[in-house]
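Student: Model the following, please.
(chains A and B)
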Amino acid sequence: MSGALVADRITKTFAVSRGGTTRELRAVNDVSLAVAPGEIVGLVGESGCGKTTLSRIMIGIETATAGAITYDGRPVRTRAEWRALRRSVQSVFQDPFTALCPTMRIGDALAEPLAIHGICPPAERKERVSRMLEMVGLHPDMARRLPNQLSGGQRQRVNLARALMLEPKVLICDEIVSGLDVSVQAQVLALLIALQEGLGLSLVFISHDLRVVRYLCTRVVVMYMGEVVEQGDVEAVFDHPQHAYTRSLLAAIPDHSRLSAGATT
Amino acid sequence: MAPVLAVENLSVSFPGARGQITVVEDVSFTLEAGQSLVIAGESGSGKSMVCQTLLGIAPGAASVTGTRIDWKGRNLLTLNEPEWQAIRGAEIAMIFQDPTAALNPLITVENQIIDAIRAHRRVSRAEARARAVEVLGLAGFPEPEHRMRSYPSELSGGLRQRVAIALALSCSPSLIVADEATTNLDVSIQAQIVKLLRELKDRLGLALIFVTHDLGLAAEIGGDLLVMYAGCAVERGPVKSVLTDPCHPYTRGLLRSAPTLRSSRANPLRPIPGQMPKPGSVGAGSPFRSRCPVVVDGVCEAQRAGWTSAGPGHDVACHRFALEGREGLR
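Tutor: The predicted structure is shown next:
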């Protein structure tokens, strides 16, 4: 499949030492995840379930203990292969405050990926930065600002813009809307949908907020203690959850739509 | 029943480069024992500042004014620091968003609660310790006798928040103020904490103020809801009434931008365009006018809207609603 990112039977163990004894912590256990072009896959579960570790393996920040990552049908193993992968697969992290260098102007931060991958003549970079800022709904003048002059929602859009500078095929988003106010969150979700529909971008969307996942994603993968316990189309999983953990997760979501339905399910 | 707390026309402002910057303006509400009030709004709406004034912990530069904050017959606006210390923690207690920052990392859970009790009550350590075991049990902390010697770092986030709740309960307050108390927790822990707060309110007859940006959580807490925007209260009423029949354009906008478990792309979320005005730049008119889809020309720029009734106990501060009712909101 062209542009598909596949994690095949990934296992990741960490060595944890406590009180002089070292034991093995299995953060991700035999998990497979495939993202087809243009698809938005939701990865849900609670803190410590392994969803972030899996996503970090998928972009090469962590290495898997066992299992393989393939992109476009080809395995990704060497440094050069990972470097090439990052032109097509980018990630946006949860905290918009720590993800940007505080002393680097926004325009420079956005131009940096172009310089690293050497894909755009320096003279044209400024123009591309302006276009990208507009695409994520920010004024091009923003390029001259420093991160501390921006609000949380603006910073998250800058992070998104930086990840999009290389025109990736797949974007890995780790809790990117959880720190945002609802009206800003709705703006970012609208942007993600526009990117998916307009550019055919695929997304791995990691979130603990199942309301957002239901709205945005086509498919959902539920993780619990390092393993996938349920996956399927969003409607199927949300309307007819099979696994007890998925049911308890859904029941725990605070939801005002239950008020109008008149029932607490 | 007479309310335990009656806030009348509370305003908070800070000195700025060009005069006072108002961050809370003319907010009023009442709360009875055993009842809950949810204050909802986005960052910068002033909801946390309201909480801080109820405990006398607003920053020193803040100027807190108002007609009266009536607490069991006393006016909180006139208290000095020693008087505050007698009330804070003993009669009005607070649970903060981040339990890691709220607890002292160098003191065991046991000693933190004992210290809090002995700061307010003349009791022996043994009596205070018995009370600590009791409140930890109330807060759903497992095996308090054995685990209360733990340090905060040895506990999970959910357990730390239970310790913070136990600490808040330790001196049997009449009012608990919870400011985004479940925001950092996992959803299943959040659901447990919300259930616990509701049970404690009913069982101990506590008054509860729950501050959140999540309308779903507001629905789970129940009671009354006060919606704030840019320092002003814009809508108030029973939670169910406000969320199922929102009558202020801002509340309606919030509900349209918040996904629910029934949301789908067939019925797209509609973000509120624009941004919240910066503190101090609201001016005389309706605070929401720059983003409002149903502005009344010549009126909304000129003055704040007064309260209009939208149902039993449900009021809205909106010129459009005052003129045309629900029809005017489209």
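Student: The residue nearest to the spatial centre of chain A in helix, strand or coil?
Tutor: The residue lying closest to the centre of chain A (C-alpha atoms, centre = their mean) is residue A:173, at 1.5 Å. Following DSSP: H, G, I helix; E, B strand; the rest coil, residue A:173 is assigned to strand.
Student: What of residue A:9?
Tutor: strand.
Student: Distance of it relative to residue A:28?
Tutor: Going from residue A:9 to residue A:28 by C-beta to C-beta, to the nearest Å gives 10 Å. (Glycine included, C-beta is placed from N, CA and C.)
Student: since we're on residue B:41, how many residues are nearby?
Tutor: The number of residues packed near residue B:41 is 26, by other C-beta atoms under 10 Å in any protein chain shown.
Student: no no, residue B:299
Tutor: Residue B:299: 16 surrounding residues under other C-beta under 10 Å.
Student: Surely residue A:204 is in contact with residue A:34?
Tutor: No: with contacts counted by C-beta atoms under 8 Å, residue A:204 stays clear of residue A:34, the gap being 10.2 Å.
Student: and for these two, which residues touch both?
Tutor: Counting by C-beta atoms under 8 Å, 6 or more residues apart in numbering or on different chains, the shared contacts of residue A:204 and residue A:34 are residue A:5.
Student: When the two are compared, which one has more neighbours?
Tutor: Comparing residue A:204 with residue A:34 by other C-beta under 10 Å, the one with more neighbours is residue A:204, at 27 against 15.
Student: helices or strands next to the helix or strand containing the more buried one in the packing?
Tutor: Residue A:204 belongs to strand A:202-207 when assigned by DSSP states H and E. Applying 3 or more C-beta pairs under 8 Å, 6 or more residues apart in numbering or on different chains; DSSP states H and E, we find strand A:202-207 packed against strand A:21-35, strand A:40-44, helix A:51-58, strand A:170-174, helix A:182-199, helix A:210-216.
Student: Quick check: residue B:90 is in a helix.
Tutor: No: assigned with three-state DSSP, residue B:90 falls outside any helix and is coil.
Student: Who has more neighbours out of residue A:9 and residue A:28?
Tutor: Neighbours were counted for residue A:9 and for residue A:28 using other C-beta under 10 Å; residue A:28 has more, 29 against 12.
Student: ok, now which ones touch that one?
Tutor: A:10, A:11, A:12, A:50, A:53, A:54, A:57, A:64, A:226.
Student: that older thread, mean pLDDT for the helices and strands packed on strand A:202-207 - can I get that in CSV?
Tutor: Shown next, in CSV, are the helices and strands packed on strand A:202-207 (pLDDT from 0 to 100):
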stretch, mean pLDDT
strand A:21-35, 92
strand A:40-44, 96
helix A:51-58, 93
strand A:170-174, 94
helix A:182-199, 88
helix A:210-216, 95
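Student: and the stretch 101-250 of chain A, which of its residues are near chain B?
Tutor: Counting by C-beta under 8 Å from any C-beta of the partner chain, the stretch 101-250 of chain A comes close to chain B at A:151-152, A:181-187, A:189-190, A:193, A:208-212, A:214-216, A:235, A:238, A:248-250.
Student: Where does the residue nearest in space to the middle of chain B fall, secondary structure wise?
Tutor: Nearest to the geometric centre of chain B sits residue B:211, at 2.8 Å (C-alpha atoms, centre = their mean). Residue B:211 is part of strand B:207-212, with elements assigned from DSSP H and E.
Student: Contact partners for the nearest residue to residue A:182 once chain neighbours are set aside?
Tutor: Closest residue to residue A:182 apart from its sequence neighbours, by C-beta to C-beta, 6 or more residues apart in numbering or on different chains: residue B:258 at 4.6 Å. By C-beta under 8 Å, 6+ apart, residue B:258 lies in contact with A:182, A:186, A:211, A:256, B:214, B:215, B:216, B:269.
Student: For those residues, pick the one with the most neighbours.
Tutor: Neighbour counts for these, by other C-beta under 10 Å, peak at residue B:215, which reaches 28 neighbours.
Student: can I assume it is in contact with residue B:255?
Tutor: Yes: assessed by C-beta under 8 Å, residue B:215 is found in contact with residue B:255 at 6.5 Å.
Student: Which neighbours do those two have in common?
Tutor: Here residue B:215 and residue B:255 have A:256, B:243 as joint contacts, going by C-beta under 8 Å, 6+ apart.
Student: give the contact list for residue B:95.
Tutor: By C-beta under 8 Å, 6+ apart, residue B:95 lies in contact with B:102, B:161, B:164, B:165, B:168, B:176, B:177, B:178, B:179, B:181.
Student: Okay, and the beta partners of it?
Tutor: Legend: beta-bridge partners of residue B:95 under DSSP bridges are residue B:178.
Student: that older thread, can you lay out the contacts of residue B:258 as a markdown table showing distance to residue B:10?
Tutor: Shown next, in a markdown table, are the contacts of residue B:258 (distance: C-beta to C-beta, whole Å):
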| residue | distance to residue B:10 |
| --- | --- |
| A:182 | 25 |
| A:186 | 30 |
| A:211 | 33 |
| A:256 | 27 |
| B:214 | 24 |
| B:215 | 23 |
| B:216 | 27 |
| B:269 | 33 |
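Student: Thanks a lot, catch you later.
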